[in-house]
Every structure is written in C-alpha cells, then in structure tokens.
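Asker: Return atomic coordinates for the entry below.
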Amino acid sequence: MDHDKCVASVTKLLTEMNTISYIVESMAAMGRSFDATMVKCVRGDTAQGSRDGGSEAGYLWQDRGPHKKGNIILHENLLSDVHDVERVLRHELIHAFDDTRAVIEPTNCYHQACSEVRAARMSGECSWDQERKRGYYNPATSGMACVRRRAALAVSANPYCRNTEERAVEKVFNTCYRDYEPFVAPLYTLGSYPEGEKE
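Answerer: A predicted model of the protein is given here:
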C-alpha cells in the first residue's frame, strides 16, 4: 500500500467503521481526543523473521524519535488494503483505550501483556483467515492459542520484557481475555467493509 492510500484508509476508517469510531468515542468520553493526525503512515522493516511476519504497526507508549506518546505508527508497505489497515488500527486503538483508562507502564510486562491479549482478541488478527495466511490455521487450536501466541510475540518486542513474555501473558490471560471494554461483549462480527471495497 502506498502512503496516500494508507492515509486515506485511516481517515475513512476513523469516521466510517463502527467498531473503530466507537473506540475513539469511548476515549473522548474519558477526556482524550484522538484523530487521524495521531496515526502516522511510514515505511517499516520488511524483514519477516518468522511466519508471524514483521510488525505492521505499533502504539507508542512513550515518545520515540519524532513521534509522540499516544501516536499510532502504521507500516504502509506491510499493509495491502483497507482491510489490513482496519485490523491493525483496531488493535492499536485498543492499546490507546487501555492507555486512556489506566496507567500502563511501558516497563511493566504484565500491563503490556494484558493490553496485548485484549488487542489480539478484539482486533481480528486471530480470525481463521489471518491464521490461515500465517500457516497456523487449525479449527481445534485457533482462537485462544492464537491470542496467547500473538500477545507473547508482541510483548517480546519490548526490551524490558524479553524472555518473560510467555509468563507475563499466562499470568494475566484469564482476566484480560474476558475484558471487552469499551465493548460489552466480544467482537465476533467486526463490521469489515465488503470484500469488493478494497481501495
């Protein structure tokens, strides 16, 4: 995806995608405004490293370089269409919501693990379709296993949490997996755009 399409997708999703706009509205109700200027479309590292793939996006828990705490970074060259942007934007907005409702310490691996469990579950990244693309698809083991694996992978990227990611995820898993805020129930139908609408 090129830069202009990434920016256009973000603008469209923030205003038109019900689950995404609901997260933004929920943060606003707690006194935090969020808009498209806080989402940065940039080029990312294309090195894959594992079949789980390279990092498509990230939420900044603290200032990093030219980007400020609370910004969302989308790696435009690792995203192919509006469906990818929707999935990763929803994931990162769950982090933004968590960062709004509570103090999330970047050095606290349990805080990080809880937010990653929630984001992996509610973003759509553990859908059967996504797991099939990664080569992990198995109806008997997908779902919770995917959330555990993806959360641990994300926590391991935090230099403060390397080699403790699986323990941190396991410690918080049961509580955080059942935490759907700002929604009242798990998101089973995420409201994606129709398959024909990919631009």
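Asker: who does the lowest-mean-pLDDT helix or strand in the chain touch, helix- and strand-wise?
Answerer: Using mean pLDDT, DSSP states H and E, helix 128-134 stands out as the lowest-scoring helix or strand of the chain, at a mean of 76. Packing partners of helix 128-134 (3 or more Cβ pairs under 8 Å, 6 or more residues apart in numbering; DSSP states H and E): none among the helices and strands. Where you see a C-beta, it was placed from the backbone N, CA and C, and this is true even at glycine.
Asker: Buried residues in it, which are they?
Answerer: 130-131, 134 (16 or more other Cβ atoms under 10 Å).
Asker: Give me the distance between it and the centre of its chain.
Answerer: Chain-centre distance of helix 128-134: 16 Å, with Cα atoms, centre = their mean, to the nearest Å.
Asker: Equivalent analysis for stretch 24-40, please.
Answerer: 15 Å.
Asker: Just the buried residues of that stretch, please?
Answerer: Buried residues in stretch 24-40, counted by 16+ other Cβ under 10 Å: 24, 26-27, 34, 36, 38-40.
Asker: what do you get for stretch 7-22?
Answerer: Residues of stretch 7-22 classed as buried: 7-10, 12-14, 17, 19-20 (neighbour count, 16+ other Cβ under 10 Å).
Asker: So which residues lie in contact with it, not counting its own?
Answerer: Stretch 7-22 is contacted by residues 1, 24, 35-36, 39, 41, 74, 81-82, 85-86, 89-90, 93, 182-183, 187, 190-191, 193 when judged by Cβ atoms under 8 Å, 6 or more residues apart in numbering.
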